[in-house]
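K.L.:
predicted structure and sequence below. I'll ask about it afterward.
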Amino acid sequence: MTQHLVLTVIGDDRPGLVEALSHVIAEHQASWSESRMAHLADKFAGIVTVEVPKDNETSLIKALQELSSVGLKVSVEVANKHVASGEVVVLSVMGNDRTGIIREVSKTLSMLGANVVDLNSYCEPAPMSSEMLFKAELEVLLPSDCSLEALEKAIEAISSDLVVELAD
C-alpha cells in the first residue's frame, strides 16, 4: 500500500537543492510523480507530488524536514483523491501593469464558480514604450453552467485595458 504526498519546498536558490530533495525521496523508495518548480526573487520554490510505501511515510517526512539543514524548508500534506469536473480552459490576460489585476481576475473567476488550476504571471516592458505590461496565463476549470462567452465577457468587463484570449 502506498501514500500520495504533496510537498511544498522553498529555500535560497543554489545548486544542489533538487538533488538533495530527490536523494531523500529515492532513499525512502518513494516515486517522484509530478512537480512544478521555479526561481523567483532569488528563492527556489516548488510543489512536488510523491508516492511512498506506507511503511516509509513517517521516515520520509522526518528526512524531508531535516533538509532544513541544507537550507530547504519542506512542508508535507497528504494528497486528496478528489477529481474535479468541468471544462479546462486556458486564459491569457494582458494589460498595463497595475496593482490588483490578479485579485480582480481571481474574484471574477470565483464568482463564476471557476477554479484556477495553474497560474503563471510576469511583467515585461511594452514594445516601444517604457510602460510595463502585465501578462498572465491561467488554466481554469470552468463549471458546466458557465459558457466560454460568459467567462470572456466577465474578464473583459474588469477593465478596458485588459486583453483576454481563450483557448480550450
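P.N.:
Everything's here; your move. Residues are numbered from 1 along each chain as shown.
K.L.:
pull the contacting residues for the one residue sitting closest to the centre of the chain.
P.N.:
By C-alpha atoms, centre = their mean, the chain has its centre lying nearest to residue 118, at 5.0 Å. By C-beta atoms under 8 Å, 6 or more residues apart in numbering, the contact set of residue 118 is 36, 137, 138, 139. From N, CA and C alone the C-beta is placed, and that goes for glycine too.
K.L.:
give me that answer again for 7 Å
P.N.:
Contacts for residue 118 (C-beta atoms under 7 Å, 6 or more residues apart in numbering) come out as 138, 139.
K.L.:
and the one 5 residues further on, by the same measure?
P.N.:
Taking C-beta under 7 Å, 6+ apart as the definition of contact, the neighbours of residue 123 are 97, 132, 133, 134.
K.L.:
per the record, what domains does the chain have?
P.N.:
2-78, 87-167 (automatic domain parsing).
K.L.:
reformat the ones you listed as CSV; add mean pLDDT.
P.N.:
Formatted as CSV, the domains of the chain follow (pLDDT from 0 to 100):
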stretch, mean pLDDT
domain 2-78, 97
domain 87-167, 93
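K.L.:
can you report how many residues neighbour residue 52?
P.N.:
Counted with other C-beta atoms under 10 Å, residues neighbouring residue 52 total 20.
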